[in-house]
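> Fold the stuff below for me.
(one chain, ligands or ions: 2)
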Amino acid sequence: MLLFLFMQNVYGWALFGLIALLVVHPRDKPHTHLQEALRLAETFAGQSCAHVEVGSARSGSQTPGTFLGSGTVAELAQHCAVAEPTRVFVNATLSGVQQRNLSAAWGRPVMDRVGLIIAIFGQRARTREARLQVEMAALDYRASRLVRTLDPVTGKRGGFGEGSEVVSARERGRSGSTSGGLGGAGGGGESELQLQRRHLRDRQKTLKTQLGEVRRTREVQRAARRRAGKPQVAVVGYTNAGKSSLVAALSRRPVEARDRLFETLDPTLRKAMLPSGREVILSDTVGFISDLPHQLVTAFKATLEEVVEADLLVHVVDASSPALAQQRATVLDVLRGLGVSEATLASRMVEEGAAREHPSEWGEPQGRSRVEGDQPAPPRVFTSTVTRAGLAELLRVIDRKLGVY
Ligand SMILES: Nc1nc2c(ncn2[C@@H]2O[C@H](COP(=O)(O)OP(=O)(O)OP(=O)(O)O)[C@@H](O)[C@H]2O)c(=O)[nH]1
Ligand SMILES: [Mg+2]
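Ligands and ions are numbered 1, 2, ... in the order given. Next up is the predicted model:
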């Protein structure tokens, strides 16, 4: 039996026709990952989602074509037939072929983790900059899996719909050699494919130009702020850690903060006054998440440059989160991936616990060992945006840090 437990809710929700997304969670991931998968799913679906935990994806039963073992795939097909979710979200990174095969087996679109995160970003994007960046990431994702499809029922060539737009490298090689390109034997689908690819490439090119302009504009604005002698402090952290709440509390101006993942996509700049009388620019920005799709990191270059170019980083950590250590390490890894040096992480960062009034849960510094050499760990301040505890101290620490270099 490869399928385990937790079919709770599935039938109940189905009765009311409320299931949008069934979450399939490989059991080898720690429990906190399941909670995060559910939050991602609910963020996307806008309602609570049923979930199923399945046998370890690393177990011997796993097959490369479907990611999950054949018994699990068959059982989930039965569950899908009863519960009728609109879509299935597999909390893992699937190859295009796996996504297509699972989608055919379950008779509905299948999303993987990367696809779901990009889709959530798509729902959230409001400004032109965010929309351009999300579209770029989505195109990148699609381009990597855009191929001829066969309708699983009729066997005819289908379109390029979600979760089914894939062909294996083997199929690609075969069709390439038999069709000999456009119009050759069996080449009709290939020419359609090539057309799709060209459309994608053209759109990517246009987007790249437009995003280049966005980046240049941001660069010019940053330079102007720098000339005005205003240090830039970037507030970074895991998604939903409390970044926007902190920026709002420090600047005493409202910033949209909600208990939702990826609420903020665009950098929001706010002024704050330090105890020394110096004014700083705080930038609130997109949150990070483990397995942050590289397509998003690349596409959000313009936005993330606000972080890389900042004079000081304030790392907001949700001190009440059970996954605190993993979230903290993820943020540091993403920052490293963006090109932030170890020296910067050690000397130009302040860690801030959005304490949710449970400061004791933060525990000992987790990241010290990851910092190379004898770099000191960043100063750490506990705050609460609810009681405003620690905010004055945080401003003092920022002041001190900015005065040091
Ligand atoms: N109790 C308490 N709740 C907080 C604190 N800081 C933030 N929150 C809550 O945490 C939730 C997320 O806050 P946000 O400020 O939107 O978090 P964020 O990091 O900007 O989230 P994204 O933009 O989605 O990445 C909200 O419901 C806040 O009210 C705090 O210090 N104490
Ligand atoms: Mg936010």
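> got the residues of the stretch 201-350 of the chain near ligand 1?
Contact residues, the stretch 201-350 of the chain versus ligand 1 (CB under 6 Å from any ligand atom): 237, 239-245, 257-264, 287. Glycine gets a C-beta too; all of them are placed from N, C-alpha and C.
> quick one: which of these sit in strands?
residue 237 (DSSP state E).
> For ChimeraX, write a command that selects the buried ones of the residues of the stretch 201-350 of the chain next to ligand 1.
Buried residues within these, by 16 or more other CB atoms under 10 Å, are selected in ChimeraX with:
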select :237,239,240,241,242,243,244,245,257,261,262,263,264,287
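> next one: stretch 121-140 to chain centre, how far?
Distance of stretch 121-140 from the chain centroid (CA atoms, centre = their mean, to the nearest Å) equals 12 Å.
> Now do that stretch: everything it contacts.
44, 118, 200, 203-204, 207-208, 210-211, 214, 262-263, 265-266, 293, 295-296, 298-300, 302-303 (CB atoms under 8 Å, 6 or more residues apart in numbering).
> Dump that stretch to PDB, restricted to CA.
The C-alpha coordinates for stretch 121-140 follow below in PDB (Å, rounded to 0.1, in the frame of the first residue of the first chain):
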ATOM      1  CA  PHE A 121       3.000  35.200  -8.300                       C
ATOM      2  CA  GLY A 122       0.800  35.600 -11.400                       C
ATOM      3  CA  GLN A 123      -2.300  36.100  -9.200                       C
ATOM      4  CA  ARG A 124      -0.500  38.600  -7.000                       C
ATOM      5  CA  ALA A 125       1.100  40.700  -9.700                       C
ATOM      6  CA  ARG A 126      -0.500  44.100  -9.900                       C
ATOM      7  CA  THR A 127       2.000  46.600 -11.200                       C
ATOM      8  CA  ARG A 128       3.500  46.500 -14.700                       C
ATOM      9  CA  GLU A 129       6.900  45.600 -13.300                       C
ATOM     10  CA  ALA A 130       5.600  42.600 -11.400                       C
ATOM     11  CA  ARG A 131       3.400  41.500 -14.300                       C
ATOM     12  CA  LEU A 132       6.300  41.600 -16.800                       C
ATOM     13  CA  GLN A 133       8.600  39.700 -14.400                       C
ATOM     14  CA  VAL A 134       6.000  37.000 -13.700                       C
ATOM     15  CA  GLU A 135       5.300  36.600 -17.400                       C
ATOM     16  CA  MET A 136       9.000  36.200 -18.000                       C
ATOM     17  CA  ALA A 137       9.200  33.500 -15.400                       C
ATOM     18  CA  ALA A 138       6.100  31.700 -16.600                       C
ATOM     19  CA  LEU A 139       7.400  31.700 -20.200                       C
ATOM     20  CA  ASP A 140      10.700  30.300 -19.100                       C
END
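> Next, the buried residues of that stretch.
Here stretch 121-140 shows 121, 124-125, 129-140 as buried, counting by 16+ other CB under 10 Å.
> what does stretch 291-299 give?
Neighbour-count burial for stretch 291-299 [16+ other CB under 10 Å]: 292, 293, 295, 296, 297, 299.
> now do stretch 211-226
By 16+ other CB under 10 Å, the buried positions in stretch 211-226 come out as 211, 214, 218, 222.
> Distance check, the most centrally placed residue in the chain against ligand 2.
Of all residues in the chain, the one closest to the mean position by CA atoms, centre = their mean is residue 292, 4.1 Å from it. Here residue 292 is placed at a distance of 15 Å from ligand 2 (CB to the ion, to the nearest Å).
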